[in-house]
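Student: coordinates only, sequence not included:
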């Protein structure tokens, strides 16, 4: 099982690093072989879910994440990815419910993920609360300031948006989206 899992991880990382989608398929085959030998291995279920997610096979990824969570119920990372898969399926209410379950473990990435869903749904007050929480947990992460700046911009709070987007640049977020959003605010 270990061999198949390791080979699957190698294929997965090759695909993620610029390879083609066939490497994700190879990873899925290897993870499935590992699960044939060791069906109670939560991390292998999670790994296969990640490969399926990359291929936009969100329903199958959900099943893998659910199996991983059943084996390791307290794992916030597994819950986070399950929330992402729900988003991929367009089931935003289930995504938020899953993020809320994971947030009980105080993971900043989950505040951010839930905030992004709220932002996309137009629930700006809730998105702002999540981004404020994540900035409290990780104040030196420029991406968090960018996300909050976008929410401020959509709320019409232009000076707050400019302040956050400028802070995002100061903290090292230099992608075109940051500058574009700041220019629009």
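Tutor: Thanks, I have the structure now. Everything quoted here is computed from the prediction, not taken from an experiment.
Student: Name the residues of stretch 125-134 that come out as buried.
Tutor: 126, 127, 128, 129, 130, 131, 133, 134 (16 or more other Cβ atoms under 10 Å). No exception for glycine: its C-beta is placed from N, CA and C like everyone else's.
Student: I'd like the mean pLDDT over it, please.
Tutor: Averaged across stretch 125-134, the pLDDT comes to 92.
Student: Give the buried residues for the lowest-mean-pLDDT helix or strand in the chain.
Tutor: When the helices and strands of the chain are scored by mean pLDDT, DSSP states H and E, helix 2-16 comes last with a mean of 78. Buried positions in helix 2-16, judged by neighbour count with 16+ other Cβ under 10 Å: 4, 5, 7, 8, 9, 11, 12, 15.
Student: Now for the fourth one: which residues touch it?
Tutor: By that I understand residue 8. By Cβ atoms under 8 Å, 6 or more residues apart in numbering, residue 8 lies in contact with 26, 27, 28, 29, 30, 31, 34, 44, 47, 48, 51.
Student: Mark which of these are part of helices, please.
Tutor: When DSSP state H defines the helices, the subset of these inside them is 26, 27, 28, 29, 30, 31, 34, 44, 47, 48, 51.
Student: Give me the neighbour count for the last one.
Tutor: Each residue near residue 51 was counted by other Cβ atoms under 10 Å, and the total is 29.
Student: likewise the second one?
Tutor: Residue 27 has 29 neighbouring residues, counting by other Cβ under 10 Å.
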